[in-house]
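Participant: just to be clear, the model below is a prediction. Sequence and coordinates:
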Amino acid sequence: MQILSKNLEVTRGDTAKYRLKILTSNDVEITTNDITNIYFSVKENFKNTDVLFQKQLNDGITLGEDGYYHIVISSTDTDELSFGDYYYDIQLNITNEKYTIVKGIFKIDWEITDVESE
């Protein structure tokens, strides 16, 4: 599998939603039966062992009827983070094998409105 380099940006404290289609290097879709888990992890520095937040299959990552995996970053995942650049990756587990399929910068952008939910 190829690793896609893709930078993401979210406004601090906002909900963000991303769609992911998983294909082999030959553009063949990987069946959901083969996938045992998917992780979306964010760290302050790629060398750190501490994860700031993480999503996984059926806990922030779901398979939609459209055939895409939907990753939801909730407002509480980012509302306490400082503005700036962080690092993320998406790891795919197929039985006993692990593949990093996407990685890049996860930017927390500034916000103006900062109010509690009603």
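Facilitator: Yep, it's here.
Participant: quick one, strands of the chain?
Facilitator: Using DSSP state E, the strands of the chain run over residues 4-5, 8-11, 16-20, 35-43, 53-57, 60-63, 69-73, 84-94, 97-109.
Participant: which residues touch the residue nearest to Asp50 when sequence neighbours are not counted?
Facilitator: Nearest residue to Asp50, sequence neighbours excluded (Cβ to Cβ, 6 or more residues apart in numbering): Lys43, at 6.8 Å. Just so you know, the C-beta spots here come from the backbone N, C-alpha and C atoms, and that holds for glycine as well. Residues near Lys43 by Cβ atoms under 8 Å, 6 or more residues apart in numbering: 50-52, 86-88.
Participant: which one among those residues gets closest to Ile30?
Facilitator: Within the contacts of Lys43, distances to Ile30 taken as Cβ to Cβ reach their minimum at Tyr88, with 20.6 Å.
Participant: contacting residues for the residue nearest the centre of the chain?
Facilitator: Taking Cα atoms, centre = their mean, the centroid of the chain lies closest to Phe40, which sits 3.6 Å from it. In this structure, Phe40 makes contact with 54-56, 60-61, 71, 88-90, judged by Cβ under 8 Å, 6+ apart.
Participant: what's the most distant pair in those residues?
Facilitator: Using Cβ to Cβ, the contacts of Phe40 reach their maximum pairwise distance at Gly60 and Asp89, which is 14.7 Å.
Participant: most surrounded residue in the contacts of Lys43?
Facilitator: Tyr88 (23 neighbours; other Cβ atoms under 10 Å).
Participant: for that residue, which non-adjacent residue is spatially closest?
Facilitator: Phe106 (4.1 Å).
Participant: repeat for Gly13
Facilitator: Asp79 (3.9 Å).
Participant: was I right about that neighbour contacting Val10?
Facilitator: No - counting by Cβ atoms under 8 Å, Asp79 does not reach Val10; the two are 10.7 Å apart.
Participant: gap between the closest residue to Ile94 other than its chain neighbours and Trp110?
Facilitator: Spatial nearest neighbour of Ile94, excluding adjacent residues (Cβ to Cβ, 6+ apart): Asp34 at 5.1 Å. Asp34 sits at a distance of 41 Å from Trp110 (criterion: Cβ to Cβ, to the nearest Å).
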